[in-house]
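Peer 1: Here's a sequence, model it:
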Amino acid sequence: MERGQTFGPFVILGRIGAGGMGSVYAGWNGSTKDLVAIKTLLLDGIAGQHDHLLRFQREAGLYSRLSHPNIVGFVDHNEARGMQYIALELVRGRSLATILKTTGITELPFDRVMNIIQDLAGALEHIHSLGIIHRDVKPSNVILTQDDRVKLIDFGIASAHDGLDVTETGVVVGTVAYSSPEQNSGQDCDERSDLYSLGCVFHELLTGHRALPGSTVAE
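Peer 2: Presented below is the predicted three-dimensional model:
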């Protein structure tokens with residue numbers, strides 16, 4: 001889609017990301033005057049279309065249940081121009097991964113780290129109270145906004161205790177360097193797995209390096 005094109009209730013401002021099953025666009029909601037991030041799903045020619053659609057709809061359903069100042073906000077889920085989309089609050093800022101890579105822990109003094117972790121813990125407490133497990137808590141999924149707020153993003157592989165999870169048992173999801181041992185072995189995981197991941201993020205913010213430096217499950 002091109003800049004200025006209408007997409008549902010939004011005006012496209014430009015593409016800000018791309019993946020194998022769609023793209024993410026910045027958009028303008030004329031009715032609310034808000035900027036949004038529009039995640040699209042384009043299934044033409046992709047194998048297993050039904051499963052991908054279920055996962056996308058599942059993700060939208062999880063976002064719609066969340067309401068917390070430290071979690072990216074849900075705006076809309078619908079279809080336009082033959083594509084399913086999820087519209088979310090456009091979070092402008094830098095991820096913790098970018099900060100650690102560019103400036104390191106010098107930009108994150110101890111008090112700041114404590115505030116970040118407390119905010120993330122509050123976000124996790126909220127989703128866990130709803131029976132939702134994020135399953136991918138890591139520095140690249142935490143944004144420090146331009147006005148210095150913490151935002152947890154990307155619920156693409158989140159699960160919930162409602163019997164509707166579409167992830168197959170035994171399938172490993174997440175990021176191995178931050179995932180709990182049970183998650184990395186494909187077992188069912190609960191809220192404690194997110195807390196393990198939070199601890200890994202905490203360690204990295206304090207020391208500047210990962211708690212577990214390996215890049216594979218075996219390592």
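Peer 1: In the top helix by length along the chain, which residues are buried?
Peer 2: In the chain, assigned by DSSP state H, the helix with the most residues is helix 110-129. For helix 110-129, the neighbour count (16 or more other C-beta atoms under 10 Å) marks 113, 116, 117, 119, 120, 123, 124, 126, 127, 128 as buried. Glycine gets a C-beta too; all of them are placed from N, C-alpha and C.
Peer 1: And the helices in this protein?
Peer 2: Counting by DSSP H, the helices of the chain are 49-65, 96-102, 110-129, 181-184, 191-207.
Peer 1: Same list, those helices, but as a markdown table with mean pLDDT and distance to residue 154 please.
Peer 2: Formatted as a markdown table, those follow (pLDDT from 0 to 100; distance: least, C-beta to C-beta, whole Å):
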| stretch | mean pLDDT | distance to residue 154 |
| --- | --- | --- |
| helix 49-65 | 90 | 9 |
| helix 96-102 | 95 | 12 |
| helix 110-129 | 97 | 12 |
| helix 181-184 | 90 | 16 |
| helix 191-207 | 97 | 13 |
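Peer 1: can you pull the contacts of the residue nearest in space to the middle of the chain?
Peer 2: Centroid-nearest residue in the chain, with C-alpha atoms, centre = their mean: residue 154, separated by 1.1 Å. Residues near residue 154 by C-beta atoms under 8 Å, 6 or more residues apart in numbering: 136, 141.
Peer 1: thought residue 153 was touching residue 72?
Peer 2: Yes - here residue 153 lies in contact with residue 72, judged by C-beta atoms under 8 Å, at a distance of 4.7 Å.
Peer 1: Compare those two and say which is more crowded by neighbours.
Peer 2: residue 72 (21 against 18; other C-beta atoms under 10 Å).
Peer 1: Count the residues that sit near residue 41.
Peer 2: Around residue 41 there are 22 residues (other C-beta under 10 Å).
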